[in-house]
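>>> Kindly return the folded structure for what I paste below:
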Amino acid sequence: MHHPLWRLATRLLGATVLLFASHAFAQPAAPASATPLSSGEILQELRSFRELGSVLYVAAHPDDENTRLIAYLARGRGYRTGYLSLTRGDGGQNLIGTELRDSLGLIRTQELIAARRIDGAQQFFTRANDFGFSKDYRETLSIWNRDQVLADMIRVIRTFRPDVLVTRFSPQPGTTHGHHTASAILALEAFTLAADPAAFSKELGHLPPWQAKRVLWNTGPSGASRTGQSANPTVLRLDVGGFNPLLGESFGEIAARSRTMHKSQGFGSVGTRGTAYEHFQLLAGEPATTDILDGIDTTWSRIPGAAALGPLTDAALKNFSPQNPAASIPALLEIRSALAALPTDPILADKRAHLDRILTACLGLHWETVIPQAEAVPGETLKLRHTLIARNNFPVRWLATRYPTLATEIPVATDLAANVALNQENAQPLPPATSLTQPYWLRSDGTAGMFAVADPALIGLPENPPAFPVEHFIEIAGQTLIVADEPVQVIDDPVKGEIRRRLAVIPPVSLGFTQNLELFSPGSAKTVAVEVTAARTSTTGTLRIEAPSGWKTSPSSQPFALGRVGEKSLLTFTVSPQTSASSAPATASLTAAADIDNVTYRNRRIDIRYDHIPPQLLQPPASLKAVSIDLQIRGKTVGYLPGAGDLVADSLTRMGYSVTFLTGADLTIDRLRSFDTVVLGIRAFNTRTDLVPQLPALFDYAKNGGTVIVQYNTTADLPSAPLAPYDLKISRDRVTEENATVTILAPNHPALNTPNKITSADFDGWVQERGLYFPNQWAPEFTPLIACADAGETPLSGGLLVAQHGKGWFVYTGLSWFRELPEGVPGAYRLFANLVSLGK
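As a prediction, this is how the structure comes out:
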């Protein structure tokens with residue numbers, strides 16, 4: 001039953017009743033409910049509130065955005081600014097860890113959110129999945145669901161209502177990523193269709209059409225002089241190199257801090273100062289000659305009945321006192337009353353939430369809902385401690401606290417004393433039907449090109465809404481505000497200080513195979529182990545393995561009983577692969593399932609911890625990829641020198657090798673002679689400073705009978721020293737089609753025959769790509785073993801080069817072992833085993 005306060009606030013605020021429901025939903029703070037603002041920042045927000053212009057920047061990936069332009073528009077001119085990244089960057093590489101695909105996409109999502117907190121823009125996404133590098137926009141649009149991506153873009157445009165769209169890339173095909181070109185092509189289509197009420201009427205008919213003024217391409221200067229003057233009269237230039245004294249930074253400095261959040265891509269940046277020009281070309285809509293918002297009314301006069309808000313805001317700005325922000329509250333409440341009298345639309349909803357944010361900042365209002373532990377199981381009781389404190393001297397009354405998922409409210413009806421915290425404690429149930437914590441775009445299986453999202457209301461959001469939302473009703477001079485809150489655990493870390501974790505919803509146990517990939521010999525059973533970890537005391541149930549037809553598991557189930565939190569039980573099962581008359585590889589996905597109190601749980605636990613983003617929790621199905629494969633190896637010991645981070649060493653262990661991790665200091669003749677083969681991890685030459693001085697010893701190791709395998713490196717940050725004992729030049733050549741036809745060039749070479757006979761069938765079932773950064777020049781001592789090409793291109797033969805060096809072997813390979821081996825691609829295992837076995 002709704003409390004009368006709820007109905008009152010609804011009448012006062014219209015559709016936007018929750019503080020931050022619009023203005024900050026796309027740039028959420030780290031899990032705490034109120035982020036304090038200094039007086040300079042409050043004044044900055046007031047200036048932004050005065051402005052009605054808006055710009056949406058559109059590109060394909062995390063890191064594509066122009067953070068300097070975004071910082072200038074948001075922090076300089078005070079415009080509502082958004083970045084729409086079509087993908088979450090799942091298909092890229094990771095320079096800070098071993099996470100790839102879904103986990104990497106989650107990291108890059110959080111890096112974008114962190115970047116937006118700095119540069120002041122809002123963050124949006126579509127459901128497009130970054131399936132990896134694409135050379136052609138037509139391939140991109142054939143793998144993405146073009147209509148779904150376009151509908152998502154229109155949804156964002158109709159909701160955010162930008163005056164101008166800016167693309168990072170040209171819609172004309174070129175040498176750039178196919179995702180890049182596709183993002184611009186779709187932006188042009190969305191620009192037109194967002195204004196058409198008939199476009200996607202079934203999915204988006206509830207959103208009023210919106211027509212932006214123009215679409216601009218944020219291009220290069222096209223012959224600009226050193227002063228930034230463009231030689232092309234159709235190119236508009238804009239000086240974005242200003243300085244914001246309220247924030248104490250130039251826009252180039254803000255941009256650098258924002259871009260540095262893209263740490264998984266190694267994009268740490270140094271701030272710039274002084275004049276800096278950006279250039280724009282018109283793609284569609286009305287031309288602009290002096291400014292990207294030419295012809296657009298960016299004042300309150302653009303909204304019928306709202307012209308008076310401009311002078312009111314100007315007066316509030318003029319009279320603002322940095323020493324006493326609370327003195328501005330009466331003026332802000334007058335503006336709020338005028339806003340409440342206007343009809344509801346997305347822009348006004350955003351402005352109402354923005355104004356409430358300024359009001360609470362002037363109050364010095366802090367609020368939080370603290371829980372003892374950040375994790376809860378559906379159906380459990382949450383012990384909540386709500387705290388409000390107004391740190392400026394202005395009367396505030398805490399009316400009530402509401403729990404929307406329960407449709408219940410707790411009356412408080414207490415005045416806040418100045419700078420005195422008021423605490424309220426109570427317990428509320430977490431509904432049994434609450435979904436387990438999992439990024440909303442990963443809750444269901446999608447396709448290679450698209451994520452599946454069951455709830456359309458979530459499309460476009462950067463991350464999940466709170467699992468258990470909380471709303472506090474407060475009264476200020478007769479007006480009611482509702483501030484959004486959520487439960488957090490506050491951790492006192494002795495090194496990092498205060499850490500806040502959002503409430504995460506977990507199962508009573510987490511499950512995990514001890515290996516997420518197992519190799520089986522054809523016809524041979526193998527023991528696999530599943531670890532059950534208790535998240536709650538006195539947890540009992542049964543564990544089983546769900547397997548596809550033809551694969552057998554024994555026993556059918558096993559009981560477990562766990563007494564304390566964190567206790568583990570390791571249960572083993574015998575798995576027999578499906579029988580076949582041939583020795584052809586067979587793969588299967590096995591899933592662990594725990595039955596507890598008539599509920600089945602299938603979740604593993606993946607914790608992602610990096611200091612620059614909040615802690616992240618993934619809870620996908622606990623699955624094991626089982627691969628039945630005829631695999632032979634030679635040699636026993638491998639030394640592995642890590643690079644940027646990969647899981648190839650784990651794959652070597654799975655194959656049967658004893659693997660030792662090395663550092664540059666270990667690359668000595670005496671140390672290396674204990675290994676049959678030495679493998680360098682991906683990007684080792686790009687990321688290690690201790691490698692180049694030891695290369696003579698590594699080359700001598702091969703010359704004396706060892707085998708060296710070097711995996712791909714990029715052309716950036718590449719040392720000038722030789723990468724191989726013979727001449728070799730790395731290029732940006734790559735083959736992005738994972739099913740590209742492979743031609744075997746040296747069928748009699750030992751690497752293709754011993755101990756496994758390699759055929760074209762071994763190149764079936766590869767994932768995402770064949771390889772990247774292939775050498776395009778090499779000495780005659782190297783033998784290219786295979787050639788492949790993307791459709792319509794000349795075959796490339798630099799993906800796998802092998803040279804005999806003295807008594808041993810040296811291999812340079814740009815094939816994507818770091819993707820294929822962890823994914824259990826049978827042929828990749830067989831071929832890589834041959835490379836490791838060279839000379840054995």
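>>> quick one: contacts for residue 530?
Shown in contact with residue 530 (C-beta atoms under 8 Å, 6 or more residues apart in numbering): 511-514, 543, 545, 570-573, 592, 622. From N, CA and C alone the C-beta is placed, and that goes for glycine too.
>>> Repeat the analysis, applying 10 Å as the threshold.
Contacts for residue 530 (C-beta atoms under 10 Å, 6 or more residues apart in numbering) come out as 511-514, 543-545, 558, 560, 569-573, 590, 592-594, 604, 622, 624.
>>> Below-threshold pLDDT in the chain: ranges please.
Applying pLDDT under 70 to the chain flags the ranges 1-34, 221-233, 580-582.
>>> Which residue, other than its chain neighbours, is closest to residue 370?
Spatial nearest neighbour of residue 370, excluding adjacent residues (C-beta to C-beta, 6 or more residues apart in numbering): residue 385 at 4.7 Å.
>>> Same question for the one you found, what's its three-state structure.
Under the three-state scheme (DSSP: H, G, I helix; E, B strand; the rest coil), residue 385 adopts strand.
>>> residues contacting it?
Here residue 385 is in contact with 368-372, 423-426, 487, 490 (criterion: C-beta under 10 Å, 6+ apart).
>>> got it, and residue 802?
Going by C-beta under 10 Å, 6+ apart, residue 802 touches 707, 709, 746, 749-752, 781-785, 809-813, 834-835, 838.
>>> and what of residue 828?
When contacts are counted by C-beta under 10 Å, 6+ apart, residue 828 touches 651, 762-763, 765-767, 815-817, 819-822.
>>> likewise residue 57?
For residue 57, the contact set (C-beta under 10 Å, 6+ apart) comprises 64-67, 69-70, 73, 81-85, 121, 124, 162, 164-168, 187, 218.
>>> taking those residues one by one, which sit in strands?
81-85, 124, 164-167, 218 (DSSP state E).
>>> Near the nearest residue to residue 195 once chain neighbours are set aside, how many other residues are there?
Leaving aside its sequence neighbours, residue 195 sits nearest to residue 211 (C-beta to C-beta, 6+ apart; 3.7 Å). When neighbours are counted by other C-beta atoms under 10 Å, residue 211 registers 13.
>>> tell me the contacts of residue 211?
When contacts are counted by C-beta under 10 Å, 6+ apart, residue 211 is found next to 157, 161, 163, 191-192, 194-196, 285.
>>> Could you do residue 247 as well?
By C-beta under 10 Å, 6+ apart, the contact set of residue 247 is 38, 40-41, 43-44, 71, 75-76, 120, 253-254.
>>> Can you pick out the most distant pair from those?
43 and 253 (18.9 Å; C-beta to C-beta).
>>> follow-up on the earlier one: mind checking the SS state of the residue nearest to residue 195?
Three-state call for residue 211 (three-state DSSP): coil.
>>> just residue 570 next, same as before
Strictly by three-state DSSP, residue 570 counts as strand.
>>> my guess is it meets residue 514, correct?
Yes. With contact defined as C-beta atoms under 10 Å, residue 570 counts as touching residue 514 (7.5 Å).
>>> intersection of neighbour lists for those two?
Joint contacts of residue 570 and residue 514 (C-beta under 10 Å, 6+ apart) are 529-531.
>>> Among these, which are located in strands?
Among the shared contacts of residue 570 and residue 514, the ones falling in strands (DSSP E) are 529-531.
>>> Chain neighbours aside, what residue packs nearest to residue 109?
Nearest one to residue 109, counting by C-beta to C-beta, 6+ apart, is residue 88 at 5.0 Å.
>>> Can I take it that the one you found is in a helix?
No. Per three-state DSSP, residue 88 lies outside any helix segment and is coil.
>>> what's it sitting at in phi/psi?
Note on residue 88: backbone dihedrals following degrees, to the nearest 10 are phi -110, psi 10.
>>> How many residues are close by it?
By other C-beta under 10 Å, 29 other residues sit near residue 88.
>>> again, but for residue 498
Residue 498: 10 surrounding residues under other C-beta under 10 Å.
>>> backbone phi and psi for the nearest residue in space to residue 549 that is not next to it in sequence, please?
Spatially, and ignoring its direct neighbours in sequence, residue 549 is nearest to residue 578 (7.8 Å; C-beta to C-beta, 6+ apart). Torsion angles at residue 578 (phi, psi; degrees, to the nearest 10) stand at phi -60, psi 140.
>>> Residue 578 and residue 557: what is the separation?
Distance, residue 578 to residue 557, by C-beta to C-beta, to the nearest Å: 21 Å.
>>> try residue 766
As defined by C-beta to C-beta, residue 766 lies at a distance of 36 Å from residue 557.
>>> Just want to know which of the two has more residues nearby.
Neighbour count, other C-beta under 10 Å: between residue 766 and residue 557, residue 766 has more, with 22 against 15.
>>> May I have the phi/psi pair for that one?
In terms of degrees, to the nearest 10, the main-chain angles of residue 766 are phi -70, psi 160.
>>> quick revisit: can you tell me which of the ones in strands among the shared contacts of residue 570 and residue 514 lies closest to residue 200?
Nearest to residue 200 among those: residue 530, at 44.6 Å, using C-beta to C-beta.
>>> and the closest residue to the closest one other than its chain neighbours, how many neighbours?
With C-beta to C-beta, 6+ apart as the criterion, residue 530 has its nearest non-adjacent residue at 4.7 Å, and that residue is residue 592. Neighbour count of residue 592, defined by other C-beta under 10 Å: 26.
>>> Tell me how far residue 592 lies from residue 509.
Separation of residue 592 from residue 509 (C-beta to C-beta) stands at 10 Å.
>>> Just name the closest of the contacts of residue 828 to residue 264, please.
Distances from residue 264 to the contacts of residue 828, taken by C-beta to C-beta, are shortest for residue 819, at 16.1 Å.
>>> Figure out the helix or strand that that closest one lives in.
If you go by DSSP states H and E, residue 819 is part of helix 817-820.
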